[in-house]
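[1] prediction below, plus the sequence it came from.
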Amino acid sequence: MQHFFADLHIHVGKSESGKWIKIPTSGRLTLRNILEEAKNRKGMHIIGIVDALSPLVIADIEQLCQEGLLELTASGGYQYKKAITLLLGAEIETVEQGGGLAHTLIFLPDISHIKSFSDTMKKYIRNINLSSQNAHIPLKKLIQIAAGFHPIIIPAHVFTPFKGLFGACTDRLSHLLSDKELSSISAIELGLSADTFLADRLAELAPFSFVTNSDAHSLGKIAREYNILRLAEASFAECKLAFARKQARLVAANYGLDPHLGKYHCTMCLECDRVFTADVFSKTSKICPYCNSKKIIKGVYDRINEIADYEESVHPSYRPPYHYQIPLEFVPGVGKKVLAKLLNAFGTEMNILHAAAKADIANLIGEKLASEIDKARSGGAAIEAGGGGVYGRIIKGR
């Protein structure tokens with residue numbers, strides 16, 4: 001068995017022909033650029049794109065295959081330049097009872113399955129060329145449709161107030177899905193504003209593996225959250241086994257932002273732009289304590305407090321460690337020039353975050369900045385919490 005770095009939620013912004021697929025994203029977020037960035041700068045071993053239902057993305061995949069840059073593996077997934085594995089997926093929006101919207105990731109083993117699934121979903125999605133389109137069906141029906149395509153099914157950023165199942169639709173998955181449909185779910189994606197300790201306050205999530213992914217809308221955001229998977233090889237089938245914790249395959253570790261850095265962790269008032277704590281929120285009966293407005297976006301922390309079964313997290317025995325780790329671009333003082341110097345010396349961001357000694361970093365960019373990086377990669381940085389769509393920030397020098 002080997003350990004592989006994996007980020008399974010990356011958006012494609014534009015096709016090679018220049019047509020938009022995901023709006024808004026960076027125009028540099030083409031499939032080719034994503035693969036190069038993930039391989040050369042980030043140091044990923046497995047990535048998942050979540051816009052492969054689009055015929056525009058399918059055409060780009062086929063082009064890379066024709067060029068000999070992508071090769072289908074025997075166990076599903078495509079190797080790019082024999083160095084990194086690409087999984088083909090889709091982020092599909094469903095509508096639940098009561099009108100709540102939620103996103104779910106569906107991964108399939110190869111382009112033939114993707115094409116067939118895309119043809120099927122055209123019946124429900126108005127513009128199949130674009131990303132994350134509303135399928136106008138509930139998750140229950142989406143799971144039933146996807147079941148015939150041998151999928152990996154992962155509800156996405158489940159606690160966020162915008163298009164997360166718990167954040168926007170339900171208190172319990174069992175209110176939406178039968179036992180059979182629940183058993184079809186491969187894993188649960190935590191999202192940038194929650195971690196294992198928060199998620200494991202919900203009893204019904206104990207059977208599921210957790211994944212932490214970037215939801216990248218630009219090249220720089222790739223691998224801001226990621227997983228270490230223990231697999232025999234980097235492939236679709238191996239990932240599916242890992243999420244099911246079968247044959248010694250598993251999610252060995254989750255690496256994610258401290259939830260306080262997430263843009264939906266705390267509750268925020270849209271009227272006065274103040275972020276406030278769960279204690280203040282509860283005391284004011286869901287009214288902003290600063291301006292008395294009811295125009296608030298409930299944060300992930302408050303939402304979990306509402307629906308949690310446990311006061312403290314109760315981890316199943318198999319739950320892997322969750323490591324707080326801050327991407328280098330979040331670190332005060334690490335601009336483009338400093339990052340380029342680090343990458344030139346150490347190769348990839350994974351090497352900088354996991355392998356480079358603090359002393360070697362200090363010799364390159366100075367002790368003060370090396371200390372900031374060391375705090376960020378060890379979870380020791382001081383943070384001002386985010387909410388309402390605004391990311392938290394690192395407080396420099398603390």
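    Looks like it arrived, so ask away. Note that the structure is predicted; figures quoted are calculated from it, not measured.
[2] could you use CA atoms for every contact and neighbour count after this?
    Will do.
[3] got the domain boundaries for the chain?
    2-260, 265-298, 329-378 (automatic domain parsing).
[4] what is the rounded mean pLDDT of the first one?
    Mean pLDDT, taken over the full extent of domain 2-260, equals 95.
[5] got it, and the last one?
    What domain 329-378 shows for mean pLDDT is 88.
[6] related to what we said a few turns ago, can I get the domains of the chain in JSON lines with mean neighbour count and distance to residue 385?
    Formatted as JSON lines, these follow (neighbours: other C-alpha atoms under 10 Å; distance: least, C-alpha to C-alpha, whole Å):
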{"stretch": "domain 2-260", "mean neighbour count": "21", "distance to residue 385": "4"}
{"stretch": "domain 265-298", "mean neighbour count": "17", "distance to residue 385": "7"}
{"stretch": "domain 329-378", "mean neighbour count": "16", "distance to residue 385": "13"}
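[7] now those as CSV including distance to residue 384?
    Output for the domains of the chain, formatted as CSV (distance: least, C-alpha to C-alpha, whole Å):
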stretch, distance to residue 384
domain 2-260, 7
domain 265-298, 10
domain 329-378, 12
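[8] and of those domains, who's closest to residue 308?
    domain 2-260 (5.1 Å; C-alpha to C-alpha).
[9] give me the residues contacting stretch 13-30.
    11-12, 31, 51, 54, 56-57, 60, 129-132, 217-219 (C-alpha atoms under 8 Å, 6 or more residues apart in numbering).
[10] what's the answer for stretch 365-384, then?
    258, 260-261, 323-328, 331-334, 338, 353, 358-359, 361-362, 392-398.
[11] gap between that stretch and the chain center?
    Offset of stretch 365-384 from its chain centre (C-alpha atoms, centre = their mean, to the nearest Å): 23 Å.
[12] show the end-to-end separation of it, please.
    25 Å (C-alpha to C-alpha, to the nearest Å).
[13] kindly report the same for stretch 306-314.
    End to end - C-alpha to C-alpha - stretch 306-314 spans 17 Å.
[14] which parts of that stretch are buried?
    Within stretch 306-314, the residues scored as buried using 16 or more other C-alpha atoms under 10 Å are 308, 313-314.
[15] got a list of what the nearest residue to residue 41 once chain neighbours are set aside touches?
    In space, and not counting its chain neighbours, residue 41 is closest to residue 348: 4.7 Å by C-alpha to C-alpha, 6 or more residues apart in numbering. Contacts for residue 348 (C-alpha under 8 Å, 6+ apart) come out as 40-43.
[16] same check, this time on residue 351
    By C-alpha under 8 Å, 6+ apart, the residues touching residue 351 are residue 43.
[17] what's the helix or strand for it?
    helix 349-354 (DSSP states H and E).
[18] all helices for the stretch 51-200 of the chain, in order.
    Applying DSSP state H, counting those that start in this stretch to the stretch 51-200 of the chain gives helices spanning 55-66, 111-121, 139-146, 179-183, 196-199.
[19] can you tell me how far residue 12 is from residue 46?
    Residue 12 is 16 Å from residue 46, by C-alpha to C-alpha.
[20] what segments of the stretch 151-300 of the chain are strands?
    152-155, 187-189, 209-211, 226-231, 250-256, 267-269, 275-276, 296-297 (DSSP state E, counting those that start in this stretch).
[21] looking at the ones you listed, which is nearest to residue 69?
    Closest to residue 69 of those, according to C-alpha to C-alpha: strand 226-231, at 23.1 Å.
[22] mind giving me the packing neighbours of that closest one?
    strand 2-10, helix 236-244, strand 250-256 (3 or more C-alpha pairs under 8 Å, 6 or more residues apart in numbering; DSSP states H and E).
[23] quick revisit: just give me the closest of the buried residues of stretch 306-314 to residue 140.
    For those, the nearest to residue 140 is residue 308 (23.0 Å; C-alpha to C-alpha).
[24] phi, psi of that closest one?
    Note on residue 308: backbone dihedrals following degrees, to the nearest 10 are phi -70, psi 150.
[25] can you pull the contacts of it?
    Contacts of residue 308 (C-alpha under 8 Å, 6+ apart): 201-203.
[26] need those in CSV with distance to residue 82, can you?
    Shown next, in CSV, are those (distance: C-alpha to C-alpha, whole Å):
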residue, distance to residue 82
201, 41
202, 40
203, 41
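[27] and the gap between residue 173 and residue 208?
    12 Å.
[28] again with residue 246
    Residue 246 is 13 Å from residue 208, by C-alpha to C-alpha.
[29] so residue 286 makes contact with residue 294?
    Yes. The criterion here is C-alpha atoms under 8 Å, and residue 286 meets it with residue 294 at 6.9 Å.
[30] remind me, longest strand of this structure?
    Scanning the chain for the longest strand, with DSSP state E as the assignment, gives strand 84-95.
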